[in-house]
Each structure stands twice: as structure tokens, then as C-alpha cells.
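S.K.: I would like the atomic coordinates for the input below:
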Amino acid sequence: MDEQQYIKQVCENIKQMRIAKGVKQIDLATEINIDDSSLRRIESGRTSPTLKTLLRISNALKINLSELLPPNILEQ
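M.R.: So this is what the prediction gives:
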């Protein structure tokens, strides 16, 4: 898996975890202090989230940051 695929997977994981937690996109965006359009771009993979944004997302969803990463990323 190359770098772009990793990023795309992280973005998809964000969306899946948000939905699994029953959180609306607008509510998550508001809680982490970004525009909802920015979160839409992240979840669709059109933009890469910063580490700061990933930390805010994981905290808002009450999950470990590692849950947003592809499972084999730490094995590389």
C-alpha cells in the first residue's frame, strides 16, 4: 500500500468511525473547530488531515488515534 492509499484509508476510517458513533458530520466538525466542508473533504479523501486534526477527531469520537490508522501501517 502506497502513501496515497494509506491516507485514503485513514479518511475512510474517520467516516466509518463517525457513522458508527452516530455523530453527524456537522456536529463533529463543530466540535473539532473546523468547517463542515473541510471535514467533507477529509472524509472523501480530497484533502489529507493534519496530525492535529486526527488527534481532535479521535478525542471527539472517544477513540484511540490508532483506530483511525490502517492496521498494518505500524508494521512498515
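S.K.: from now on I want contacts and neighbour counts done on CA atoms only, so please keep to that.
M.R.: Fine.
S.K.: where does the protein dip in pLDDT?
M.R.: 73-76 (pLDDT under 70).
S.K.: who does the longest helix seen in it touch, helix- and strand-wise?
M.R.: Secondary structure of the chain per DSSP state H: the longest helix is helix 3-20. Helix 3-20 is packed against helix 36-43, with contacts defined by 3 or more CA pairs under 8 Å, 6 or more residues apart in numbering; DSSP states H and E.
S.K.: relative to helix 36-43, how tilted is the longest helix of the chain?
M.R.: If you take axes from the mean of the first three to the mean of the last three CA atoms, to 10 degrees, helix 3-20 sits at 120 degrees to helix 36-43.
S.K.: spatially central residue for this protein, please.
M.R.: In the chain, the residue lying closest to the centroid (CA atoms, centre = their mean) is residue 14, at 3.2 Å.
S.K.: hang on, isn't that residue packed against residue 45?
M.R.: No. When contacts are counted by CA atoms under 8 Å, residue 14 is not listed as touching residue 45 (10.2 Å).
S.K.: which secondary structure elements does the helix or strand in which residue 58 is found sit against?
M.R.: Assigned by DSSP states H and E, residue 58 belongs to helix 51-60. Packing partners of helix 51-60 (3+ CA pairs under 8 Å, 6+ apart): helix 25-31.
S.K.: just checking, what packs against the helix it packs on?
M.R.: Against helix 25-31 (3+ CA pairs under 8 Å, 6+ apart) you get helix 36-43, helix 51-60.
S.K.: tell me which of these sits most buried.
M.R.: Stretch with highest mean neighbour count among the helices and strands packed on helix 25-31: helix 36-43 (a mean of 18; mean count of other CA atoms under 10 Å).
S.K.: show me what it is packed up against.
M.R.: Helix 36-43 packs on helix 3-20, helix 25-31, going by 3+ CA pairs under 8 Å, 6+ apart.
S.K.: many thanks, have a good one.
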